[in-house]
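Undergrad: Starting from these lines, generate the structure:
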Amino acid sequence: MRTVVILRRTPDAETEELARISASAPGTPVDIEVLVPEFREGLAALGIGGTIPDGSGRSIAPDDGEAYLDALLVTYRGSRLWAREVVPDLQ
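TA: A predicted model of the protein is given here:
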């Protein structure tokens, strides 16, 4: 399983996880879990859950699975809102 989190910097300079997007296996659509319900509409307005660019000009949809996770990492790289891949704990 591969997971990407969407994070934001709060006005107090804290980091908050807004959503977790996971692909359970290669070739499967992603699963999107909104962690802060009051941000659901805002995340949708930013394109999370819809099609987003992949950095090469192609539109990638949640049905594209891991390619969608890669596109999130390319598209959301701001200082106040960004995507980060969750590295599994190897213990």
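Undergrad: Now do the same contact list for Pro11.
TA: If a contact means Cβ atoms under 8 Å, 6 or more residues apart in numbering, then Pro11 has no contacts. Where you see a C-beta, it was placed from the backbone N, CA and C, and this is true even at glycine.
Undergrad: repeat for Ile60
TA: The contact partners of Ile60, by Cβ under 8 Å, 6+ apart, come to 51-54, 67-68, 70-71.
Undergrad: one more time with 10 Å, if that's ok
TA: 51-54, 67-72, 74-75 (Cβ atoms under 10 Å, 6 or more residues apart in numbering).
Undergrad: Roughly how far does it sit from Arg77?
TA: 16 Å (Cβ to Cβ, to the nearest Å).
Undergrad: on that earlier part again, got TSV for the contacts of Ile60, with pLDDT and distance to Val4 too?
TA: Below are the contacts of Ile60 laid out as TSV (pLDDT from 0 to 100; distance: Cβ to Cβ, whole Å):
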residue	pLDDT	distance to Val4
Thr51	94	16
Ile52	95	12
Pro53	93	15
Asp54	91	13
Ala67	96	12
Tyr68	96	9
Leu69	96	5
Asp70	96	9
Ala71	96	10
Leu72	96	5
Val74	95	11
Thr75	94	11
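Undergrad: Determine the set of other helices and strands touching the longest helix seen in the chain.
TA: Determined from DSSP state H, the single longest helix within the chain is helix 66-75. Helix 66-75 sits against strand 2-9, strand 15-23, strand 52-53, strand 59-60, strand 81-85, with contacts defined as 3 or more Cβ pairs under 10 Å, 6 or more residues apart in numbering; DSSP states H and E.
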